[in-house]
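In: Pasted the sequence and its predicted model underneath.
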Amino acid sequence: EAEVAQSPRYKITEKSQAVAFWCDPISGHATLYWYRQILGQGPELLVQFQDESVVDDSQLPKDRFSAERLKGVDSTLKIQPAELGDSAMYLCASRAGGSEQYFGPGTRLTVT
Amino acid sequence: DAKTTQPTSMDCAEGRAANLPCNHSTISGNEYVYWYRQIHSQGPQYIIHGLKNNETNEMASLIITEDRKSSTLILPHATLRDTAVYYCIVSLSTRGSGGSNYKLTFGKGTLLTVNP
C-alpha cells in the first residue's frame, strides 16, 4: 500500500540553526499539506499546496518558515533560525481528489 | 469552520462497542463531519466522513443526528489496537476550487483507551 514518506524521523538541533524536513507524497496526489503538532494538541495546518502552488499559508510563520514543492511532487519545509518553541512533530499529508488525507509518520523536532 | 466539542477521554472494554460522541452545534449546511484517529507516535488516520446520512465502512459507523448538531462514531468491536486519540472535525467538501476550501482543523480529540 502506498504511503507518505517523511525524513528524517527525528531531528535534534540547536536554536538559531537551520533545519529542513522532506516529504514525498503518495504518487499522483496533487494536494500536499504540512502540519505542526505540539505535544498534547491536535495537528495545526501550516501550508497547503495544490501541485506546485501554495493555496494556503496563512498559518505559516513566514519570518522563519518556508515551504516549497518545486515540481509538484515532493516538498521541503525549512525553519531558519530554529527557536525552542519550534519543538514539535511536523506532519505531511497528501490527498488525491477525494476527502481522505493520508498522513506520513512525521518528523519529531527537538530544539535545544 | 464549525467548532466541535468532544470528551477528553473515554474507556472501553475490549470486544465491546465504543461510542464516541461529538457536538457540532454550529455546523453549516454544506459542512461535512470527518473522523480521524491518531495512534501514539503515528500520523493521523482517516476513519469516515458524512454529511447527513449515517455512514458505515470497514472501520466504523457514523451516526449523525437529524438536526446535524451532533454525531457519534461507533467502533463495533473495539480491540486494544483501537486505543488512540479520535478527532471529530467539520469541514467543507473537497468539491470545487480543487478542494482548496477543504481544511482539517483539529481540536484535542478524545483519548479512547481500550482495556483488556
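Out: Yes, it's here.
In: ok, which residues in chain A are in contact with chain B?
Out: For chain A, the residues in contact with chain B (C-beta under 8 Å from any C-beta of the partner chain) are A:4, A:30-31, A:40-45, A:48, A:50, A:55-56, A:91, A:93, A:95, A:97-106. Just so you know, the C-beta spots here come from the backbone N, C-alpha and C atoms, and that holds for glycine as well.
In: again, 7 Å this time
Out: Applying C-beta under 7 Å from any C-beta of the partner chain, one finds that chain A approaches chain B through A:31, A:41-43, A:45, A:50, A:55, A:91, A:97-101, A:103-106.
In: residue boundaries of the helices in chain B?
Out: Counting by DSSP state H, chain B forms no helices at all.
In: mind listing the strands for it?
Out: For chain B, strands defined by DSSP state E occupy the ranges B:9-13, B:18-23, B:31-38, B:45-50, B:55-56, B:61-64, B:70-75, B:84-92, B:110-115.
In: Excluding chain neighbours, what is closest to the one residue sitting closest to the centre of chain B?
Out: When chain B is reduced to its mean C-alpha position, the nearest residue by C-alpha atoms, centre = their mean turns out to be B:Trp35, at 2.6 Å. Computed as C-beta to C-beta, 6 or more residues apart in numbering or on different chains, the closest residue to B:Trp35 that is not its neighbour in sequence is B:Ile47, at 4.3 Å.
In: Please look at the one you found and B:Ala60 and confirm they touch.
Out: Yes: B:Ile47 is within contact range of B:Ala60, at 5.3 Å (criterion: C-beta atoms under 7 Å).
In: What lies in contact with stretch B:14-27?
Out: B:2-7, B:10, B:12, B:33, B:68-80, B:82, B:86, B:88, B:90, B:110, B:112, B:114-116 (C-beta atoms under 7 Å, 6 or more residues apart in numbering or on different chains).
In: do that again at 8 Å, thanks
Out: Residues from elsewhere that reach stretch B:14-27 (C-beta atoms under 8 Å, 6 or more residues apart in numbering or on different chains): B:2-7, B:10, B:12, B:33, B:35, B:68-80, B:82, B:86, B:88, B:90, B:110, B:112, B:114-116.
In: how far does that stretch sit from the chain's center?
Out: 7 Å (C-alpha atoms, centre = their mean, to the nearest Å).
In: hey, C-alpha coordinates of it in CSV?
Out: Taking Å, rounded to 0.1, in the frame of the first residue of the first chain, the C-alpha atoms of stretch B:14-27 are listed here in CSV:
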residue,chain,number,x,y,z
GLU,B,14,-12.1,-5.0,24.6
GLY,B,15,-14.7,-6.6,22.4
ARG,B,16,-17.4,-4.1,23.3
ALA,B,17,-18.7,-1.3,21.1
ALA,B,18,-17.0,2.1,21.6
ASN,B,19,-19.3,5.1,21.1
LEU,B,20,-17.5,8.4,20.7
PRO,B,21,-19.7,11.5,20.8
CYS,B,22,-19.1,14.8,19.2
ASN,B,23,-21.1,18.1,19.4
HIS,B,24,-21.0,20.5,16.4
SER,B,25,-24.0,22.7,17.0
THR,B,26,-22.8,25.5,14.7
ILE,B,27,-22.3,23.2,11.7
